[in-house]
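1. I would like to see how this sequence folds:
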Amino acid sequence: MRITVKNLNKLYATAFEKMENMSKFLGKNCVDHALDFHYGHRIKIGKQFTNELYPIPLIRFRLKGIKTEVFFDVYTNNDYIGYIKVYPNKAEILSLDLEVFANLKYLIYGYHYQQELYNSEDLKETKNIIEKSKDTRFIIYADFDNLEQIYNVVEKLIIKSSQRFSMANYKCECGHYVTIESYDGTCPVCGRESLFKRKFKTKCPVCEAKCLKDQYGNGECENCGWKLDKFANKFKNRVIYPNLISLNKAKQLYSEGKPFEPNLDDFVEALYNYSEMQFKYNGVYYTVELACENDDEYDIELYNSKTSETFIFKTKEEFKNNAKVEGKFLKDIWEETTEKDWLQ
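-> This is a model prediction of the structure:
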């Protein structure tokens, strides 16, 4: 019994690892998905199938709006790690390029009659059979033996999102845990809209290009790179996170065709807004932090990640005028620094 449990744990660990990798892949490609379990599966330990029924992990999402499920089975066969099922209606399956499944040796079934409709020799004939079928809904089924096979199918069927926001996880009313990666923001299981749905159209305050923002006023302009923020709109001459320059300066730089790079004054203003900053010079990272001695005064600490040296400055003016990097005044070599940003 102990050996059986140990083997079973290994099988589940492998299945969960595959599911996690698939979830990261979907997230990278901006696809909303839900993690779930499918009950009623026998599993194979060694060469024997168990008589018990076990749940297997799966991911639910939509490809071109079509319900799709990827199951990560717990067999020990090296030539098989799971299967994909796609549930199109007649119009959807007739519009699909079925060749994306060809390397997976797929099958097509009528949803109601469970009639196999696949014709491996003639895809055109397969489409003709489907069109004449009495079924209005279908199942495309295919086994896969490595994640690259399924990645290839999904990438070819993904409708690429033109906008992207940071990931948010929530529990839907239907009980499933959903990962929201895109501005679409609907549960791929029941179709309910998420509280995190992010698709409000707006204009970029810098370049006036069309872009999207979330319900909190956040977003990013793909045209100029400005990160939308309601506080930046209100205080247009201040440096406010997540941008490193003020809104008015961004407008000026954009009109001049220059990148949104902060000068030393912008950097110090951002420091007093966020308290932790960084920059890089000659391959070495430097951290700049506010150190609070009391409620009224802050020291500025400059830390060299290579030598572990820390230099302390009592005021922002002292830092701007006297801070040195490799024996050079920071103010003189500021244009040569890179990766000026909030501390990562």
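2. can you pull out the low-pLDDT segments for the stretch 101-250 of the chain?
-> Along the stretch 101-250 of the chain, segments meeting pLDDT under 70 span 112-115, 118-121, 160-169, 180-185, 195-200, 215.
3. could you pull out the strands in it for me?
-> For the stretch 101-250 of the chain, applying DSSP state E, counting those that start in this stretch gives strands covering 107-110, 138-144, 168-171, 177-180, 200-203, 210-213, 219-220, 227-228.
4. as JSON lines, the ones you listed with mean neighbour count and distance to residue 254 would be great.
-> Every residue, glycine included, has its C-beta placed from N, CA and C. Output for those, formatted as JSON lines (neighbours: other Cβ atoms under 10 Å; distance: least, Cβ to Cβ, whole Å):
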{"stretch": "strand 107-110", "mean neighbour count": "19", "distance to residue 254": "52"}
{"stretch": "strand 138-144", "mean neighbour count": "20", "distance to residue 254": "47"}
{"stretch": "strand 168-171", "mean neighbour count": "13", "distance to residue 254": "30"}
{"stretch": "strand 177-180", "mean neighbour count": "21", "distance to residue 254": "31"}
{"stretch": "strand 200-203", "mean neighbour count": "12", "distance to residue 254": "14"}
{"stretch": "strand 210-213", "mean neighbour count": "20", "distance to residue 254": "14"}
{"stretch": "strand 219-220", "mean neighbour count": "21", "distance to residue 254": "15"}
{"stretch": "strand 227-228", "mean neighbour count": "20", "distance to residue 254": "14"}
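5. which one of these lies closest to residue 55?
-> strand 177-180 (14.8 Å; Cβ to Cβ).
6. secondary structure element for residue 321?
-> According to DSSP states H and E, residue 321 maps onto helix 316-322.
7. can you list the domains in the chain?
-> What automatic domain parsing lists as the domains of the chain is 2-157, 199-259, 262-344.
8. for the strands of the stretch 101-250 of the chain, which one sits closest to residue 259?
-> Short answer: strand 227-228, nearest of the strands of the stretch 101-250 of the chain by Cβ to Cβ, at 14.1 Å.
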